[in-house]
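Student: Structure of the sequence below:
(one chain, ligands or ions: 1)
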Amino acid sequence: MRLDRWLTTLGVCSRSEGKDLIRKGAVWVNAAPQRDPTALVETEKDQLRVRDQAVDGRILRHVVMHKPAGILTAARDRKQPTVMDLLPPVYGAIGCMPVGRLDKDTTGILVFTCDGELNHRLLAPGRHVDKIYEAEVTGRLGDREVQAFAAGLALSDFTAQPATLEVLEAGAETSRARVTVAEGKFHQIKRMFSATGHEVRRLHRLRFGPLTLDSELAEGAWRELTAEEVRALRQAAGMEE
Ligand code: URA
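Tutor: The predicted model follows:
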């Protein structure tokens with residue numbers, strides 16, 4: 001990538017400001033000023049300094065977040081806060097986007113990536129990437145629901161693939177359960193429970209493919225994925241042996 005484009009991709013400045021900064025010698029690559037805006041850089045390796053400040057120049061990043069309730073999963077929204085608002089602006093600038101969606105009131109693990117192909121493949125219908133949710137629902141859950149989930153529930157516009165329902169607590173008023181699904185259709189878990197006569201009161205995602213939500217990650221907190229986690233995700237997406 002060209003140096004001037006690197007600066008704009010990172011959201012450091014506009015293209016024309018970048019050219020100015022570069023020509024003035026205010027942009028250093030690997031400990032030396034680089035005065036040529038067209039010089040080619042290696043974004044994941046080269047060390048960048050702008051106006052004597054180190055800038056993290058990586059444009060291929062992957063994030064895991066503990067999504068809190070009350071926040072939309074969207075790139076942006078005119079009125080409501082989105083998950084992107086919980087990340088520093090550079091992540092939006094480099095195109096780090098959520099993989100799939102969690103409803104506004106759902107909490108739990110949400111993965112972001114700048115890799116469009118990885119994002120797309122993880123969501124592809126034919127790719128069975130398991131997601132595990134913990135749900136609190138109205139009414140008593142029992143064998144009837146376990147069997148209905150296992151058989152594949154007929155919903156209004158599609159039949160859900162067989163899913164595993166494990167009842168954790170069954171009460172007359174509310175029950176708690178763990179659900180494993182490979183699909184990720186809109187409101188899927190809520191609709192599956194609704195089809196068996198239960199309303200979801202709380203929904204939390206514990207696992208996305210090979211990644212489990214870390215217990216140290218508080219609601220609203222996030223971190224970058226490790227190289228090992230990225231490899232596991234790429235493997236789940238069929239992009240790595
Ligand atoms: N299923 C739902 O109903 N909601 C979510 O947020 C995720 C899965």
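Student: C-alpha from now on. contacts and neighbour counts both.
Tutor: Noted.
Student: Give me the pLDDT for the most centrally placed residue in the chain.
Tutor: What sits nearest the mean C-alpha location of the chain, by Cα atoms, centre = their mean, is V111, with 2.2 Å. On the pLDDT scale, V111 is placed at 98.
Student: for P89, same thing?
Tutor: So, for P89, pLDDT stands at 94.
Student: For it, the count of nearby residues, please.
Tutor: 12 (other Cα atoms under 10 Å).
Student: Also T138?
Tutor: 21.
Student: What separation is there between it and F193?
Tutor: 9 Å (Cα to Cα, to the nearest Å).
Student: Which neighbours do the two have in common?
Tutor: Counting by Cα atoms under 8 Å, 6 or more residues apart in numbering, the shared contacts of T138 and F193 are 199-200.
Student: Which residues of the protein lie near the ligand?
Tutor: Contact residues, the chain versus the ligand (Cα under 6 Å from any ligand atom): 102-103, 106, 187-190.
Student: Show me which positions of stretch 205-214 end up buried.
Tutor: Using 16 or more other Cα atoms under 10 Å as the test for burial, stretch 205-214 gives 205-211, 213.
Student: so of those, which ones are in strands?
Tutor: 205-208, 211 (DSSP state E).
Student: From those, pick the one nearest the ligand.
Tutor: Closest to the ligand out of these is R205 (7.4 Å), distances taken as Cα to the nearest ligand atom.
Student: From what I see, that closest one and E134 are in contact.
Tutor: Yes: between R205 and E134 a contact is recorded at 6.3 Å, counting by Cα atoms under 8 Å.
Student: Which parts of this protein belong to which domain?
Tutor: Taking automatic domain parsing as the reference, the chain has its domains at 3-55, 62-125+211-236, 130-208.
Student: For R223, give me its contacts.
Tutor: 63-65 are the contacts of R223 under Cα under 8 Å, 6+ apart.
Student: Which members of these occur in strands, if any?
Tutor: 63-65.
Student: filter these to the buried ones?
Tutor: 63-65.
Student: Go through these and say which is closest to the ligand.
Tutor: Nearest to the ligand among those: M65, at 14.2 Å, using Cα to the nearest ligand atom.
Student: wouldn't the closest one be in contact with G220 here?
Tutor: Yes: the criterion here is Cα under 8 Å, and M65 meets it with G220 at 6.8 Å.
Student: Not including adjacent chain positions, what is the nearest residue to M239?
Tutor: Once flanking residues are discounted, M239 sits nearest to L118: 7.7 Å by Cα to Cα, 6 or more residues apart in numbering.
Student: At which residues are the helices of the chain located?
Tutor: For the chain, helices defined by DSSP state H occupy the ranges 3-9, 15-24, 89-93, 116-123, 143-151, 188-195, 227-236.
Student: okay, these, which one's buried deepest?
Tutor: Across those, averaging neighbours per residue (mean count of other Cα atoms under 10 Å) puts helix 3-9 on top, at a mean of 22.
Student: contact partners of stretch 12-29?
Tutor: Counting by Cα under 8 Å, 6+ apart, 4-5, 7-8, 33-37, 46-52 sit against stretch 12-29.
Student: Filter these down to the ones in strands?
Tutor: Filtering the contacts of stretch 12-29 for strands - DSSP E - leaves 33, 48-50.
Student: mind listing what the nearest residue to T82 once chain neighbours are set aside touches?
Tutor: Spatial nearest neighbour of T82, excluding adjacent residues (Cα to Cα, 6+ apart): L72 at 4.5 Å. By Cα under 8 Å, 6+ apart, the contact set of L72 is 80-83, 102-104.
Student: any idea how far P37 is from the residue in the chain sticking out farthest from the centre?
Tutor: Distance from the C-alpha centroid of the chain, by Cα atoms, centre = their mean, peaks at K24 (38.9 Å). Distance of K24 to P37, computed by Cα to Cα: 11 Å.
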